[in-house]
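# Next comes the sequence, and after it the predicted model I'd like to discuss.
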Amino acid sequence: MRARVLGVLLVTLAAGCTPSSQPERASQTERPQRDRVAKAVLDEVESTWAKLADVQATCTDACCLDGMLDLAARQRALRRLDEAQVDEALRAIARGPHDAGVRAVAIAWLSLSNNTQDLDLFERFVDETDPVWPRPHSNMAMSQRSTLCTEHTVDAWEDQTLGTVALDAIGHLLGRQRMSRERYEAWRSEHPDALDSITLWNARLPMNDDAACRRTLEAIAAHDVDVLLRINVARSVPDSQTGCRITAHTAALLQRHGAPGRLVDALRNPDAWTVDPDPKHRAETSWARYARWVLSNASELMSRDDVDALVRLHASGPVHEDEQLRCFAALAVDALDPRTGRALIEQTGAVVREPPPAFARRYATLFPSAQPIDGWLVERSETTCSREPLAVGTVEGLAAAGSAGQRSLQAWAMDPARRLWDRPQVLLALADAAVLAGASSRRFSCRDDFHGATCRKVTRQTRARLQAEQEQAIETCLVELERWYGGKP
């Protein structure tokens, strides 16, 4: 019995001692490793500073400096080293008793890790006036440098200080170029919490990697769901043109954070929506733009449970008072509940004068013989083609309405008063309608010639004028159209 008790005690003591000894052994192992990394990093930083000190004599093009301080340079110099330990070493160098140039290189490389917790560190140096390496100045626009670096010589040299390098590091973190102290102070006053900035997050959102993009969106949602929504609202490029399904990921994150009702609350009450604090993004994050984004993406962001709320929004309140938003509300209901949506679209189409093209497209598909369509096909302006998409959307809707829509479309296309064939964007829609109807198995050759033409260039130009520019291609297109439409107006 005594032996059994003694054995239990020994096991218990051993179990109690083991955890406390493991961290001690781990720290003893990690400390030499961190010291080796710190020395390697300091050696590379000092070597880079030595090259930069003589850069004015060796730099031959407008952005040669980038090759010494960019992410590729850091990765080449510090390859095979632990990234977290490298950042720790760079912070120690920046705080340490080193030359200003050495600390400046450390700050420049540290900013490439995009860690907003380093903002406070960088802020310590913005008033430092110790000179470091000079900066090449070129009259070339910043946006051209990536492709034209080697084609432009240095026009002049600008003195640089440790403070200006710190401001550049801050600008990199915030997604802005050449941040001055005044601009930074103004930005900081608007963003007490740097993570509230959509500029900062947009600079970090990897648009060609869906998995990495999702992880960034998860970090944004963990910080503040409203910031995630503002980023979505301010975007001008649809998901289909990127490698990131931002809207779908946002919908999932709203569910995960228990905030799906947030969408309808802000639609019902504009005061519940907060625009971005940065003046640069206030228009891009306005309530009207937010409402349009939510309603346009209702199929991904909402569910059948939201239909009743959307119907009420369509009937009264701020969404109802805006004709365009009322149309988008009807489309949102249609996306979630087609039976209810059909009635709402019919009701809305009877009273709106200038619906958005998406609404005209859906209405024309559902009601191809309805009277409102006649007005939407009329040429609205003699000086701009800003309203041309309304006619294009209507034509596309009729083309998708089956035989009834195609009969209506052929009748309107052959009416000289409509001037549909004299409007290049509408002409393209007519050509696509012929393809959709099976009258042709190919896209018409005039499509590429019209594509990308500006409103200013094509507005009110006659067919003869267009033929003068692209005679053969356009003639081929018109012949194909005449064959399907049974003549020409």
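Nice, I can see it.

# contacts and neighbour counts: CA atoms only from here.
Will do.

# how close does residue 235 sit to residue 102?
Noted for residue 235: a distance of 39 Å to residue 102, by Cα to Cα, to the nearest Å.

# actually residue 48, sorry about that
8 Å.

# the more surrounded of the two?
Higher neighbour count among residue 48 and residue 102: residue 102, with 24 against 20, using other Cα atoms under 10 Å.

# hang on, residue 89 packs against residue 38?
Yes - with contact defined as Cα atoms under 8 Å, residue 89 counts as touching residue 38 (5.0 Å).

# Compare these two and say which one has the larger neighbour count.
residue 89 (22 against 19).

# so where does that one fall, helix or strand?
Using DSSP states H and E, residue 89 maps to helix 83-95.

# Give the buried residues for that helix.
Across helix 83-95, burial judged by 16 or more other Cα atoms under 10 Å covers 85, 86, 87, 88, 89, 90, 91, 93, 94.

# Could you list the residues in contact with that helix?
With contacts defined as Cα atoms under 8 Å, 6 or more residues apart in numbering, helix 83-95 is touched by 34, 37-38, 41-42, 78, 102-104, 106-107, 109-110, 113.

# Quick check: the farthest pair among the residues you listed?
Pairwise distances across the contacts of helix 83-95 peak at 21.6 Å for 34 and 104 (criterion: Cα to Cα).

# circling back to that earlier point, with secondary structure, pLDDT and distance to residue 222 added, can I get the contacts of helix 83-95 in JSON lines?
Formatted as JSON lines, the contacts of helix 83-95 follow (DSSP: H, G, I helix; E, B strand; the rest coil; pLDDT from 0 to 100; distance: Cα to Cα, whole Å):
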{"residue": "34", "secondary structure": "helix", "pLDDT": "82", "distance to residue 222": "31"}
{"residue": "37", "secondary structure": "helix", "pLDDT": "89", "distance to residue 222": "32"}
{"residue": "38", "secondary structure": "helix", "pLDDT": "90", "distance to residue 222": "33"}
{"residue": "41", "secondary structure": "helix", "pLDDT": "91", "distance to residue 222": "33"}
{"residue": "42", "secondary structure": "helix", "pLDDT": "93", "distance to residue 222": "35"}
{"residue": "78", "secondary structure": "coil", "pLDDT": "80", "distance to residue 222": "32"}
{"residue": "102", "secondary structure": "helix", "pLDDT": "94", "distance to residue 222": "36"}
{"residue": "103", "secondary structure": "helix", "pLDDT": "96", "distance to residue 222": "33"}
{"residue": "104", "secondary structure": "helix", "pLDDT": "94", "distance to residue 222": "33"}
{"residue": "106", "secondary structure": "helix", "pLDDT": "94", "distance to residue 222": "30"}
{"residue": "107", "secondary structure": "helix", "pLDDT": "94", "distance to residue 222": "28"}
{"residue": "109", "secondary structure": "helix", "pLDDT": "90", "distance to residue 222": "27"}
{"residue": "110", "secondary structure": "helix", "pLDDT": "93", "distance to residue 222": "24"}
{"residue": "113", "secondary structure": "coil", "pLDDT": "88", "distance to residue 222": "20"}
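
# closest to residue 364 among the residues you listed?
Of these, the one sitting nearest to residue 364 (Cα to Cα) turns out to be residue 113, at 52.0 Å.

# That closest one - how many residues pack around it?
For residue 113, using other Cα under 10 Å, the count is 15.

# so what's residue 307 up against?
By Cα under 8 Å, 6+ apart, the contact set of residue 307 is 333, 336, 337.

# And the first one, how far from residue 345?
Residue 333 sits at a distance of 9 Å from residue 345 (criterion: Cα to Cα).

# what about these two, which has more around it?
Using other Cα under 10 Å as the criterion, residue 333 and residue 345 rank with residue 333 on top: 30 against 25.
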